[in-house]
Structures are given as structure tokens and as C-alpha cells.
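1. Model the following, please.
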Amino acid sequence: MSKDIFPKGIAIRLRLVGRTASFQRLLSQATSRMEIVVTLLAVLEMIKQIRITIRQDRLFGDVLISRLEPPGPPAS
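-> Numbering: from 1, shown residues only. Purely as a prediction, here's the structure:
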């Protein structure tokens, strides 16, 4: 069965509305290896699109994912 990354990205963004989420917590909700891979790919794609930022405070610690606000209208 094929998984689509786009719906997973939407689900992650909904969880990140106005806050930071734990990558470990996102993965804990996965029910299969395929879902873990799709979650990782969705996170990487959103980093590439500059929609989220990630932070890891210590070696082997949890990765925190923060939503980036879209830029506002240009100043006149």
C-alpha cells in the first residue's frame, strides 16, 4: 500500500499550530514502519520548504519541531 506524504505533512502542521512538537511523540503515534518513514519524509520536506524548523538541545535528545509563520505582506 502506498502512502502519500502530503496528507502526513498536513497532519503534522495541524499538530504544530502555534507551538512546538516532539518528533518522538509524532513517531510514537505511528502504527507501522511505513508510517514512520512517511513521517520522517514529511518533516524533511517541510524543512526544505522552510515551513518548520528543528532543534535538538542535547546529543541523542529529542528533536523539537517548530512551525514557522508565513511571511507577512511586504511593507509599503
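
2. Go ahead and confirm Ile36 touches Leu27.
-> Yes: assessed by C-beta atoms under 8 Å, Ile36 is found in contact with Leu27 at 5.7 Å. Any C-beta I mention is one placed from the backbone N, CA and C, and that applies to glycine too.

3. Where does the prediction get shaky in the chain?
-> Along the chain, segments meeting pLDDT under 70 span 1-11, 13-18, 70-76.

4. which residues in it form helices?
-> 5-15, 23-28, 33-48 (DSSP state H).

5. Name the residues of the shortest one that are buried.
-> Yep, that's helix 23-28 we're talking about. Phe23, Leu26 (16 or more other C-beta atoms under 10 Å).

6. What of the longest one?
-> Using 16+ other C-beta under 10 Å as the burial criterion, the residues of helix 33-48 that qualify are Val38, Thr39, Leu40, Ala42, Val43, Glu45, Met46.
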